[in-house]
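S.K.: Got a sequence here, can you model it:
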Amino acid sequence: MSSSLPTLLHTYQNHHLDSTRWLQYMPRADDIIVATSLKSGTTWMLEIVWCLIFLGQAAPPTPEHWIEARAGSLAALLGQLTTQTHRRLLKTHLPLAGLPFHPQVKYIVVGRDARDIFMSLWNHYANYTPRSYALLNDTPGRVGDPLPPCPSDIHAFWREWISRGWFAWESEGYPFWSNLQHTQSWWPYRQLENIHFVHFNDLLADLAGEIRRIAHFLAIVLPEEALPPLIEAVSLPAMRREAEQRYPDLDQFFQGGVQSFFFKGTNGRWQTVLSAAEVALYEETAARVLTPDCRAWLEQGRAAWT
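M.R.: Coordinates of the predicted model:
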């Protein structure tokens with residue numbers, strides 16, 4: 001457990017990311033940042049927090065304030081944040097070592113078993129359209145190689161993703177960014193008052209309890225009678241309906257559109273896909289990258305919290 005505050009160690013720049021954009025972010029004391037590696041329930045957590053911010057009120061559409069996403073206009077995003085008068089919600093996929101840390105900001109870190117993340121990521125990556133590749137690879141300012149096409153074989157993708165890094169200081173996550181190291185970078189700071197860990201498994205098992213804990217962390221009063229409609233609002237069918245209305249052209253970027261982007265949201269599918277040798281690759285990487293307590297939490301959730 002670290003007794004000091006996090007420090008900025010790495011710059012993340014590739015087809016998706018430009019972590020230097022965060023240097024222009026001006027935090028407010030009540031800002032909230034949802035931090036995930038990827039495919040860990042990011043959109044789900046954003047929806048939960050947004051519903052809590054606007055509890056009992058008509059809410060505007062849930063924002064996608066993703067600062068390090070280099071394909072978007074940083075000036076436009078910062079302009080939106082500046083003019084917002086309500087509590088602000090942002091997201092990041094950066095490891096803590098690549099993110100400027102602000103003690104006045106609340107961070108919610110969402111984790112998930114890497115093998116379950118892989119299955120969701122495969123669906124996500126395999127459904128990129130040519131327009132997605134063009135947006136990521138052809139937007140000016142890309143540092144490094146373009147995002148390669150998704151392998152046609154899930155097993156080939158697994159072998160690269162679990163045992164190769166995109167950045168020199170990482171050893172897994174290719175061709176995106178670290179997955180295991182992402183969580184490990186946040187883990188030593190989990191006792192800081194402004195960092196809160198949530199596990200995907202626990203959201204599935206006890207959504208009401210996790211929402212209560214999140215509300216407490218954010219100092220939001222959550223009346224018990226407000227909980228059932230909130231849970232309904234963040235259900236997968238409700239989120240799909242909202243996304244279909246808000247992103248009618250999502251199928252230009254993902255084959256299958258909203259139905260593809262919001263896929264199954266379930267765990268354990270890897271057990272019928274990965275061979276014993278392929279699971280052994282995970283074991284080797286997890287032992288190398290994760291401390292035992294962080295690994296236990298990623299695989300088990302709250303039951304393993306220390």
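
S.K.: in the chain, which residue is closest to the centre?
M.R.: With distances taken as Cα atoms, centre = their mean, residue 36 lies nearest the centre of the chain, 2.9 Å away.

S.K.: Make sure that residue is actually in contact with residue 109.
M.R.: Yes. Shown here, residue 36 and residue 109 form a contact pair, counting by Cβ atoms under 8 Å, at 7.4 Å. Where you see a C-beta, it was placed from the backbone N, CA and C, and this is true even at glycine.

S.K.: pLDDT value on the residue nearest to residue 198 when sequence neighbours are not counted, please?
M.R.: Distances taken as Cβ to Cβ, 6 or more residues apart in numbering place residue 110 nearest to residue 198, at 5.1 Å, with adjacent residues excluded. As predicted, residue 110 sits at a pLDDT of 97.

S.K.: Contacts for stretch 138-158 next, please.
M.R.: Residues from elsewhere that reach stretch 138-158, judged by Cβ atoms under 8 Å, 6 or more residues apart in numbering: 13-16, 18, 70-71, 118, 122, 125-126, 128, 133, 136-137, 160, 166, 175, 273-275, 278, 281.

S.K.: what pLDDT, on average, does it get?
M.R.: For stretch 138-158, mean pLDDT is 96.

S.K.: If you count neighbours, what's buried in it?
M.R.: The neighbour-count check on stretch 138-158 (16 or more other Cβ atoms under 10 Å) flags 142, 147, 150, 151, 154, 157, 158 as buried.

S.K.: Between the residues you listed, which sits nearest residue 171?
M.R.: The nearest member of the buried residues of stretch 138-158 to residue 171, counting by Cβ to Cβ, is residue 158 at 14.9 Å.

S.K.: What separation do you get for residue 141 and residue 60?
M.R.: For residue 141, the distance to residue 60 (Cβ to Cβ, to the nearest Å) stands at 30 Å.

S.K.: if we can go back for a sec, for the residue nearest to residue 198, what is the enclosing helix or strand?
M.R.: strand 106-111 (DSSP states H and E).

S.K.: next SSE after that strand?
M.R.: Using DSSP H and E, the helix or strand that follows strand 106-111 in sequence is helix 114-126.

S.K.: So which elements touch that following helix?
M.R.: helix 154-163, helix 257-261, helix 276-289 (3 or more Cβ pairs under 8 Å, 6 or more residues apart in numbering; DSSP states H and E).

S.K.: what about the protein, any weak spots by pLDDT?
M.R.: Low-confidence segments of the chain, defined by pLDDT under 70: 1-3, 242-252, 255-266.

S.K.: Against residue 40, how distant is residue 94?
M.R.: Here the criterion is Cβ to Cβ. By it, residue 94 lies 13 Å from residue 40.

S.K.: before we move on, back to that, sheet partners, orientation included, of the strand holding residue 110?
M.R.: Using DSSP bridges, the strands paired with strand 106-111 are strand 32-35 (parallel), strand 195-199 (parallel).

S.K.: residues in contact with the residue of the chain positioned farthest from its centre?
M.R.: What lies farthest from the middle of the chain is residue 225; by Cα atoms, centre = their mean that is 29.2 Å. Counting by Cβ under 8 Å, 6+ apart, residue 225 touches no other residue.

S.K.: I'd like to know how far it sits from residue 55.
M.R.: Computed as Cβ to Cβ, the residue 225 to residue 55 distance reads 11 Å.

S.K.: again with residue 219
M.R.: Taking Cβ to Cβ, one finds residue 219 at 12 Å from residue 55.

S.K.: what do you get for residue 65?
M.R.: For residue 65, the distance to residue 55 equals 20 Å [Cβ to Cβ].

S.K.: So between those two, which is more surrounded?
M.R.: Taking other Cβ atoms under 10 Å, residue 65 and residue 55 do not tie; residue 65 has more neighbours (22 against 16).

S.K.: thought the more buried one was touching residue 88?
M.R.: Yes. With contacts counted by Cβ under 8 Å, residue 65 reaches residue 88, the gap being 7.3 Å.

S.K.: Mind listing the shared neighbours of those two?
M.R.: residue 81.

S.K.: Just give the number of residues close to the spatially closest residue to residue 165 that is not a sequence neighbour.
M.R.: Once flanking residues are discounted, residue 165 sits nearest to residue 171: 4.8 Å by Cβ to Cβ, 6+ apart. Residue 171 has 17 neighbouring residues, counting by other Cβ under 10 Å.

S.K.: wait, doesn't residue 171 sit right on residue 160?
M.R.: No. Counting by Cβ under 8 Å, residue 171 does not reach residue 160; the two are 11.6 Å apart.
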